[in-house]
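Novice: sharing a model that was predicted from the sequence below.
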Amino acid sequence: MPVAEFLALPARRVALMPLSGGTLALCAALLASFALAQTTAETKAFESSQYRYSVALPAGCRHDEGPGTLDAVCSTELDPEKSAMASAAAALVLEVGAEPIPDEAGKTPADLAQRYDEAQFKAELPEAVCGESDKARVKIDNAKQVLEAARVVYTADVACPEIKFLGLGERRAAVQFLITPGLRYRLMARAPKEGFEQRKEAIDAFFASFRILP
């Protein structure tokens, strides 16, 4: 028998061996992860010349646009048909809001931070993110203010309480407010507590995709 053919025999034996249960489970997990990555990568680009921003949202969501607002309401599977029927209160919601503030045009980041400070940012979150008027019921963590070259950026993590009469459990949210000369942007990603981490890749991609246009 030729040496090359003899050395190839172990590899052939491995290829012909039946897969164990553990190996099959590992393969299934890898395929599921690959499928999730493929789904997450499918996005739809949006651009607003009026409010000078662009953003990419998952293509499998329902996209609702209004004056200065853009929302993506997404089913757990990012399935277009299921997203079309999903309730914004109990789904993954990615939201962009833009508000012109003409009297802040030309202001420096330090000026902007004085006109809208961290205390005002935190005071706005319970109602804006959770729809909750009782601020004591909303937990805000990791609130942060960063002064950049031409804007002020506020970020925070928010835990919205359950709403029993609506059958809603606890929801988690990540928020980012960008205060620029003349325009304020509010970005939010909110989902039921158990699904927030499952969709973290889509949430991170949403925040990373946001751009302020010249």
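Specialist: Cool, got the structure. Numbers count the residues shown, from 1 in each chain.

Novice: wait, what's in contact with E170?
Specialist: A159, C160, P161, E162, P192, K193 (C-beta atoms under 8 Å, 6 or more residues apart in numbering). Where C-beta positions appear, they are placed from N, C-alpha and C, glycine not excepted.

Novice: which stretches of this structure form strands?
Specialist: 43-48, 53-58, 62-66, 69-74, 92-100, 139-147, 152-160, 171-180, 183-192, 211-212 (DSSP state E).

Novice: which one of those lies nearest to E201?
Specialist: strand 53-58 (10.1 Å; C-beta to C-beta).

Novice: which strands and helices sit next to that closest one?
Specialist: Counting contacts by 3 or more C-beta pairs under 8 Å, 6 or more residues apart in numbering; DSSP states H and E, strand 53-58 packs against strand 43-48, strand 69-74, strand 92-100, helix 200-209, strand 211-212.

Novice: centre of the chain to the first one, how far?
Specialist: Taking C-alpha atoms, centre = their mean, to the nearest Å, the mean C-alpha location of strand 43-48 is offset from the chain mean by 15 Å.

Novice: now stretch 110-122
Specialist: Worked out by C-alpha atoms, centre = their mean, stretch 110-122 lies 24 Å from the chain centre.

Novice: what comes up buried for it?
Specialist: Buried residues in stretch 110-122, counted by 16 or more other C-beta atoms under 10 Å: L112, A113, Y116, F121, K122.

Novice: quick revisit: looking at the strands of the chain, which is nearest to G106?
Specialist: So among those, strand 171-180 is nearest, using C-beta to C-beta, at 11.0 Å.

Novice: got the CA positions of the closest one in CSV?
Specialist: Taking Å, rounded to 0.1, in the frame of the first residue of the first chain, the C-alpha atoms of strand 171-180 are listed here in CSV:
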residue,chain,number,x,y,z
ARG,A,171,-38.4,45.7,30.8
ARG,A,172,-34.8,46.7,30.3
ALA,A,173,-33.6,49.7,28.2
ALA,A,174,-30.4,51.3,27.1
VAL,A,175,-30.6,55.0,26.2
GLN,A,176,-28.3,57.6,24.6
PHE,A,177,-29.1,61.3,24.3
LEU,A,178,-27.0,63.5,22.0
ILE,A,179,-27.2,67.2,22.6
THR,A,180,-25.9,69.1,19.7
